[in-house]
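Q: show me how the following folds:
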Amino acid sequence: MRACTAYSFLILYTRTTMDTLIGFFGSYQLKYLSIIPAVFGFFYLISASGIVYPWVFRILGLLAFAEAVFFLTNPNNIYQKLLDWYFNISDQAQRLFGIMGIIFGTVILTWIK
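A: I've put the predicted structure just below:
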């Protein structure tokens, strides 16, 4: 439910939300932020048995772990380049990501047994 709220902020308050994210990613090192997708990947793998389509949650958990490893290794500073791209795309594209996040979050919530 909180993820849907975060994505609705991305739709309604696009610039403020992006400024907050830029400040968040600018104030911490990427290796410390890699803990976040690792924890979420672990939670996805644990909760896969309590959902209608467990294979989806297992894939998402493994992708989150892969992102955590990518955070840690960061070959050729590519993750910083991806963050720069994401923070510099247009407001309409940010709103589109917010809409996709709300749809994806709603689908996951409907799959809970």
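Q: tell me which residue is most central in this protein.
A: Nearest to the geometric centre of the chain sits residue 37, at 7.8 Å (Cα atoms, centre = their mean).
Q: after the one helix or strand residue 66 maps to, which helix or strand is next?
A: Assigned by DSSP states H and E, residue 66 belongs to helix 54-73. Downstream of helix 54-73, the first helix or strand assigned by DSSP H and E is helix 78-87.
Q: enumerate the positions of that next one that are buried.
A: If you call a residue buried by 16 or more other Cβ atoms under 10 Å, then helix 78-87 has these buried ones: residue 79. Every residue, glycine included, has its C-beta placed from N, CA and C.
Q: how far off centre is the helix or strand following that helix?
A: Remark: after helix 78-87, the chain's next helix or strand is helix 91-110, criterion DSSP H and E. Remark: helix 91-110 is offset 11 Å from the chain centroid, using Cα atoms, centre = their mean, to the nearest Å.
Q: next, the angle from helix 91-110 to helix 78-87.
A: With axes from the mean of the first three to the mean of the last three Cα atoms, to 10 degrees applied, the angle from helix 91-110 to helix 78-87 works out at 110 degrees.
Q: so what does helix 91-110 touch, helix or strand wise?
A: With contacts defined as 3 or more Cβ pairs under 8 Å, 6 or more residues apart in numbering; DSSP states H and E, the packing partners of helix 91-110 are helix 2-12, helix 14-27.
Q: just name the most buried of those.
A: Mean neighbours per residue, mean count of other Cβ atoms under 10 Å, is largest over these for helix 2-12, with a mean of 15.
Q: tell me the mean pLDDT for that helix?
A: The average pLDDT within helix 2-12 is 77.
Q: same question, stretch 39-50
A: The average of the pLDDT scores along stretch 39-50 is 91.
Q: one step back: give me the buried positions along the helix holding residue 66.
A: 57-58, 60-61, 64-65, 67-68, 70-71.
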